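>>> here's my sequence, what's the structure:
(one chain, ligands or ions: 2)
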Amino acid sequence: MKTAKFIFKWIKGNRVTIILVLALMLTLNYIRSLVPLLNAKVFGILENSDTSSLPNFINNLFNNKSIPDQLITVAILIIVVVLIRDILNFILDAEIANASESIGTRIQVAFYKHVQDLPYSYLNRAETGDLIQRSINDVNRFKRFVGHVIPHMFNSIVIIVIFSAQMFAINVEYSLYALLFVPVLFFSSYFYFKKIRGKFTEIEEYEGKFTTVVQENLTGIRVVKAFAREKYEIDKFNDIMSKFTRSWRDINKDFSFYWGFTDLLSFAEILLAFVLAVIFTVNGKITLDQATAMFLLLQNILWPVRSLGRQISEMTKASIAGSRIEEVLNIPTEYKENDGHLKPKITGNIEFKDVSFKFDDASIETLKDINFKINEGETIALIGRTGSGKTALVSLINKMLDTTSGSILIDGIDIKDIDKKYLRSNVGLVLQEPFLYSRTVAENISIIDRNLSMDLIKKVASIASIHKDIEGFEKGYETMVGERGVTLSGGQKQRIAIARVLTKEKPILIFDDSLSAVDSETDVKIRNALKERQSKSTTIIITHRIVTAKDADRIFVMEDGTIKDIGTHEELINRPGLYQKIFNIQNYFKEEGLNTLKEGEAHV
Ligand SMILES: Nc1ncnc2c1ncn2[C@@H]1O[C@H](COP(=O)(O)OP(=O)(O)OP(=O)(O)O)[C@@H](O)[C@H]1O
Ligand SMILES: [Mg+2]
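Ligands and ions are numbered 1, 2, ... in the order given. I've put the predicted structure just below:
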């Protein structure tokens, strides 16, 4: 029932086509049912009986004709009827294909759009393999069901109804006896396929796991190789594959039994109909042409009855696919009705007021009672141990995550009241793990706006200290990145990600550990170039390095989800605390390094 509702939701838009398809199906199958009647007519002509159940306007064509002429008329009529049947069939198939494609595309687009709008907190923990499985396999299965199985199911029903009606119109008693096995044939399919529904769900789940394993293996292939985990990976794959194969084998065994059994039933049905036809004819209850007509009509019903069973099986599969799609579609998107709609001019003052944050699935708060004010144009360095909540804190600023309590104000306005997309377009964020597309370097830099000039792309690349590296590539800015092109180093990726965020002036810029993979010298170069830019954005730099932090206007020291200290470099190195400790350690290594170098020189 739920599936029916779901299907109805998607086919509503194609109402006219559906009515046309149904009308065509009825006409087509009525015309189809004339073929057995015309075949039987031959016996009527030879026996000179007047019992044909063909409609009058066809029967009248035979009046006052010699037997050879009547036979020729039958032949011509069969050709005409078959021709009309095939033309209608062609139109019907084309209509179904059209409707199917448009319904399928609608589902696919809606699904994809919905996934884009899902909250970051959901996507962050969702299994990619499972989502890929749902958006490709399940959507395709459902699309096939709506566009292929449902029309054929209706067609089977229409054939069964029209053909048995033709039989009953000829002789009720014979039809009742002859169709005795048909319900058995139908119910055996129905109950059989109902029984195996669970196994299909199992297979779907294995398919999802299988996609995840392959996807994880391919994206993490370097880890696999570095740790010589090939055997473990293959074993894991084999394990899922063998479970998957076992489930299919079970289903296929059941299938073989089902087809064998229903083959036998169909054969028994045909035999029964034949014996009955002989008995009824010999007893004079029906004429030879009536017997032939009913026998042929019945044969035409058997296949649709059996395939109705198969179509019901597809229905179970499709309902599973449908519910898996619906499950995702029912997850609320991050855009809620009471979302803010304000689009104020943002200059870059940020204020956190008693902000706390907890991940849905975590037991303790990741951020606790955070209070601070950052002024427009200020540069803040955020330093703290790994896991202290730095990424979580900046993710609150552009509403990737939502505060659990407290409020964040930007230029005095609570970000809850600011339009999410607008806010994000004003906050430039360079992620800790930059993602580059398999496109050219230039395209990767210009993702915000496809029409950026080459001059601007080069300018931002220079600020990010990546211009020289790019010039060094064989095809320069047109070099492909990733799987189809060059493999970039971690530092190169980070710098391309930085260049990307600089293509548009943003009042707020956040660099989440974005310089971790570049050497200290390049780090300084990039920060100096950033300073020289005309616009003065409020800048938050997350880092583990004192050299990166020390030039900031103020430094925030994070510990266990709280801001423990705030001050300038000079202030912080002079009071006991985490910053001083990090400074001492990093300074010690720096001096140690210099001493070692000097000693080395002395030895030469
Ligand atoms: N999706 C999540 N669900 C639950 N807990 C999470 C999630 N993401 C991060 N955490 C936890 O929240 C805490 C803070 O993580 P966060 O990524 O903000 O740290 P960080 O300071 O940025 O660390 P790093 O310097 O390593 O990047 C960590 O303990 C982490 O395990
Ligand atoms: Mg982080």
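
>>> can you give me the offset of stretch 504-524 from its chain's centre?
Centroid displacement of stretch 504-524 relative to its chain, using Cα atoms, centre = their mean, to the nearest Å, is 34 Å.

>>> tell me if it is near ligand 2.
No: counting by Cβ under 5 Å from the ion, ligand 2 is not contacted by stretch 504-524; separation bottoms out at 5.9 Å. The way it works is simple: take the backbone N, C-alpha and C, and place the C-beta from them, glycine included.

>>> what's the end-to-end length of that stretch?
End-to-end distance for stretch 504-524: 22 Å, by Cα to Cα, to the nearest Å.

>>> buried residues in that stretch?
506-518, 522-524 (16 or more other Cβ atoms under 10 Å).

>>> so which of those residues also contact ligand 1?
Asp513 (Cβ under 6 Å from any ligand atom).

>>> count of residues packed around Asp130?
19 (other Cβ atoms under 10 Å).

>>> show me what contacts the residue nearest the centre of the chain?
Against the mean C-alpha coordinate of the chain, by Cα atoms, centre = their mean, the closest residue is Ser135 at 1.9 Å. Ser135 sits next to 108, 111-112, 115 when contact means Cβ atoms under 8 Å, 6 or more residues apart in numbering.

>>> that one and ligand 2, how far apart?
According to Cβ to the ion, to the nearest Å, Ser135 and ligand 2 sit 29 Å apart.

>>> A helix includes that residue, no?
Yes: using DSSP: H, G, I helix; E, B strand; the rest coil, the secondary structure at Ser135 is a helix.

>>> could you measure it against Ile160, distance?
36 Å (Cβ to Cβ, to the nearest Å).

>>> for Ile170, same thing?
From Ile170 to Ile160 the distance is 16 Å (Cβ to Cβ).

>>> wait, is Lys353 part of a strand?
Yes: counting by three-state DSSP, Lys353 is located in a strand.

>>> burial measure for it, as a count.
Quick note: Lys353 (other Cβ under 10 Å) scores 16 neighbours.

>>> so what pairs up with it in the strands?
Counting by DSSP bridges, Lys353 forms beta bridges with Ser407.

>>> show me what contacts the closest residue to Ala178 other than its chain neighbours?
Counting by Cβ to Cβ, 6 or more residues apart in numbering, Ala273 is the residue found nearest to Ala178 once chain neighbours are left out, at 4.4 Å. Ala273 sits next to 178, 294-295, 298-299 when contact means Cβ under 8 Å, 6+ apart.

>>> per-residue pLDDT, the residue nearest to the centre of the chain?
Listed pLDDT for Ser135 reads 85.

>>> what of the one 5 residues further on?
Predicted confidence (pLDDT) for Asn140: 86.

>>> returning to what we had before: where does confidence bottom out across the contacts of Ala273?
Ala178 (89).

>>> measure that residue to ligand 1 for me?
Using Cβ to the nearest ligand atom, to the nearest Å, Ala178 is found at 66 Å from ligand 1.

>>> I figured that residue hits Leu272, correct?
Yes: applying Cβ atoms under 8 Å as the test, Ala178 and Leu272 come out as touching, 6.7 Å apart.

>>> between these two, who's got more neighbours?
With neighbours defined as other Cβ under 10 Å, Ala178 and Leu272 compare such that Ala178 has more, 26 against 16.

>>> contact partners for the more buried one?
So Ala178 contacts 167, 269, 272-273, 276-277, 294, 298 (Cβ under 8 Å, 6+ apart).

>>> between those residues, which is nearest ligand 1?
Glu269 (60.4 Å; Cβ to the nearest ligand atom).

>>> now that closest one: which helix or strand?
For Glu269, the element it lies in under DSSP states H and E is helix 230-282.

>>> need the next SSE after that helix, C-terminal direction.
Criterion used, DSSP H and E; the element after helix 230-282 is helix 288-329.

>>> that following helix versus helix 230-282: what angle between them?
150 degrees (axes from the mean of the first three to the mean of the last three Cα atoms, to 10 degrees).

>>> how far does helix 288-329 sit from the chain's center?
For helix 288-329 - counting by Cα atoms, centre = their mean - the centre lies 29 Å from the chain centre.

>>> can you give me the strands in the stretch 301-450 of the chain?
Assigned by DSSP state E, counting those that start in this stretch, the stretch 301-450 of the chain shows strands spanning 350-357, 367-374, 379-384, 405-410, 413-414, 427-430.

>>> turn those into CSV, including mean pLDDT and distance to ligand 2.
Listed next are the strands of the stretch 301-450 of the chain as CSV, based on pLDDT from 0 to 100; distance: least, Cβ to the ion, whole Å:
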stretch, mean pLDDT, distance to ligand 2
strand 350-357, 94, 14
strand 367-374, 94, 13
strand 379-384, 93, 9
strand 405-410, 94, 18
strand 413-414, 93, 25
strand 427-430, 91, 12
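
>>> no more questions from me, cheers.
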